[in-house]
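1. Kindly return the folded structure for what I paste below:
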Amino acid sequence: MRKLSFCLINLIVLLNVCAFSQKKGITFTNPLLSSGADPWSIYHGGFYYYTHTLGDSIVIWKTKDLALLQSAEHKTIFIPPRNTFYSKELWAPEIHFINNKWLRVFCW
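-> The predicted structure is shown next:
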C-alpha cells in the first residue's frame, strides 16, 4: 500500500510539472547539440566517436568528453552519390570497430 501511494504521489507531481511547463511556454533545449535524432556513440582509444541522423550525409564527432559535443572536432565521412535510391533520407547511422577495422552502418 505504501509503495502504491508513493507511486501515485510521484505521478501527480510529474503531471503537475508537465502541465506547468506547458502553460509557461517552457521548452527543453538540448545542451549537447541543437539536433540529434538516432544518436550513436562508441568509445575507442581514449575518445568517443558520435554520430546521429542528418538525412543527407554522415558526420562523425570525436571528443574525450560527450558533454562537449558542441565544440568537438567533426568531419563528414559519407555523402551519397546524387540521384541514387540512397542519396537522401539517411538515418540511424552506426559506427563499429571490429577486427581492427572501422565499419559504418546506416539505413535509408
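2. just checking, Phe97 touches Phe47?
-> No. If you go by C-beta atoms under 8 Å, Phe97 and Phe47 don't touch, sitting 11.2 Å apart. Where you see a C-beta, it was placed from the backbone N, CA and C, and this is true even at glycine.
3. Can you tell me the SS state at the residue lying closest to Phe47 once chain neighbours are set aside?
-> Nearest non-adjacent residue to Phe47, counting by C-beta to C-beta, 6 or more residues apart in numbering: Lys62, 5.3 Å away. Following DSSP: H, G, I helix; E, B strand; the rest coil, the label given to Lys62 is strand.
4. show me the contacts for Lys62.
-> For Lys62, the contact set (C-beta atoms under 8 Å, 6 or more residues apart in numbering) comprises Phe47, Tyr48, Tyr49, Tyr50, Ala72, Glu73, His74, Lys75.
5. and Gly36, how many neighbours?
-> 16 (other C-beta atoms under 10 Å).
6. which ones are touching it?
-> Counting by C-beta under 8 Å, 6+ apart, Gly36 has contacts Asn30, His52, Thr53.
7. All the helices of this protein, in order from the start?
-> Ranges of helices in the chain, per DSSP state H, are 2-23.
8. Distance check, the residue positioned nearest the centre of it against Ile60.
-> Against the mean C-alpha coordinate of the chain, by C-alpha atoms, centre = their mean, the closest residue is Pro39 at 2.7 Å. Separation of Pro39 from Ile60 (C-beta to C-beta, to the nearest Å): 12 Å.
9. Right, I'll leave it there.
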